[in-house]
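[1] Pasting the sequence and the predicted coordinates here, then a few questions.
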Amino acid sequence: MKQWIKNLFYLFFPLLVGGLVSFLIKDAIDYTSLVKPFLAPPKLTFPIAWTLIYLLMGISYYLFKKKDEDEVTSVIYYLQLFVNALWSILFFLLKWRFISIVWILLLDMLVILLIYLFWQRKKISAFLNIPYLLWILFATYLTIGIYILN
């Protein structure tokens with residue numbers, strides 16, 4: 001595959017995954033009807049935040065891949081992206097709220113591991129994923145809160 005195509009793939013694949021999942025779950029999102037915990041943001045916050053996070057995620061992986069070919073880091077990167085995508089399906093489409101808690105805790109651990117692995121090889125890639133980690137930790141709080149309150 002030509003290098004410029006690979007680079008575009010690295011940059012925009014997270015946005016593509018997020019867009020596909022968003023399309024799949026759009027009719028099942030019940031966020032406004034749920035009892036939410038303190039600090040829960042309005043529904044409009046989520047597409048804005050995720051778009052920025054997916055862009056940062058793509059940039060971080062692109063920068064990493066320009067410098068390194070570490071397969072373990074690549075596997076963790078794609079695994080956390082898969083876990084991320086499946087969380088929305090579990091939570092909104094299937095309404096499996098408790099399983100969503102377990103799943104997002106797995107995502108938290110994978111993102112922490114990913115940041116650690118990036119830190120070892122490309123520090124800017126690690127830094128670019130800090131907003132992602134903070135956002136999913138907040139999402140963990142929301143997921144647990146929604147489960148308890150509903």
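    Looks like it came in fine.

[2] drop to CA atoms for contacts and neighbour counts, all remaining ones
    Noted.

[3] what's near enough to touch residue 143?
    97, 100-101 (Cα atoms under 8 Å, 6 or more residues apart in numbering).

[4] for residue 36, that is, sorry about that
    Under the criterion of Cα under 8 Å, 6+ apart, the contact list for residue 36 reads 142, 145-146, 149.

[5] Only the buried subset of these, as a ChimeraX command please.
    Buried residues within the contacts of residue 36, as defined by 16 or more other Cα atoms under 10 Å, are selected in ChimeraX through the command that follows:
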select :142,145,146
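
[6] Residue 67: which of the contacts of residue 36 is nearest?
    Checking the contacts of residue 36 against residue 67 with Cα to Cα, the nearest one is residue 142 at 36.3 Å.

[7] Can you point out the buried residues in the helix or strand harbouring that closest one?
    For residue 142, the enclosing helix or strand under DSSP states H and E is helix 130-149. Buried residues in helix 130-149, counting neighbours by 16+ other Cα under 10 Å, are found at 130, 132-133, 135-137, 139-147.

[8] and the contacts of residue 36, which two are the farthest apart?
    Set against one another by Cα to Cα, the contacts of residue 36 have their most distant pair in 142 and 149, with a gap of 10.2 Å.

[9] Quick check: neighbours shared by the two?
    By Cα under 8 Å, 6+ apart, residue 142 and residue 149 have these common neighbours: 36-37.

[10] And the buried residues of helix 130-149, which is closest to residue 116?
    Taking Cα to Cα as the measure, residue 130 is the one of the buried residues of helix 130-149 closest to residue 116, at 10.8 Å.

[11] Columns secondary structure on top of the contacts of residue 143, output as a markdown table?
    As requested, the contacts of residue 143 are arranged in a markdown table below (DSSP: H, G, I helix; E, B strand; the rest coil):
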| residue | secondary structure |
| --- | --- |
| 97 | helix |
| 100 | helix |
| 101 | helix |
